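>>> mind folding the following:
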Amino acid sequence: QVQLLESGGGLVQAGDSLRLSCVASGRTSNYIVMGWFRQAPGKEREFVAGIRRSSLTTKYADSVKGRFTISRDNMKNTMRLQMNSLKPEDTAVYYCAASNNWGPLPITDSGYEFWGQGTQVTVPS
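Presented below is the predicted three-dimensional model:
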């Protein structure tokens with residue numbers, strides 16, 4: 001049974017930083033792609049960032065480019081999302097996802113088979 005557990009969410013002020021972590025029950029090296037998605041109230045879940053197993057390929061949503069950094073440590077079965085210069089529009093539940101998709105790094109939730117339960121990030125306006 002694959003389990004992904006997110007942590008690190010919280011309430012921060014605009015301009016602050018947060019680091020989200022996702023720990024996998026198995027080895028993260030088993031997952032070809034891992035990613036972060038988010039869902040704000042009343043909105044569809046959207047892609048935030050993704051990373052391949054080798055960490056050589058990453059992809060970001062335009063809205064977070066230059067502010068967020070995705071990384072993974074396969075030895076520690078962990079993926080992280082460093083979020084800097086947070087804005088109120090970053091407020092959402094953030095989900096960790098994993099995939100064994102060998103194709104182009106997926107940026108839609110249908111491209112990921114495994115999901116965590118989510119962690120809330122709140123940036124008041």
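>>> find the residue closest to Ala97 in space, skipping its chain neighbours.
Ranked by CB to CB, 6 or more residues apart in numbering and with sequence neighbours excluded, the top spatial neighbour of Ala97 is Tyr112, at 3.8 Å. C-betas here are computed from N, CA, C, even on glycine.
>>> next, count neighbours for that neighbour.
24 (other CB atoms under 10 Å).
>>> these two touch, right, it and Tyr31?
No. If you go by CB atoms under 8 Å, Tyr112 and Tyr31 don't touch, sitting 9.3 Å apart.
>>> which residues are in contact with each of these two?
Residues touching both Tyr112 and Tyr31 (CB atoms under 8 Å, 6 or more residues apart in numbering) are 98-99.
>>> is Ser55 in contact with Thr69, as I believe?
No. The criterion here is CB under 8 Å, and Ser55 misses it with Thr69 at 11.3 Å.
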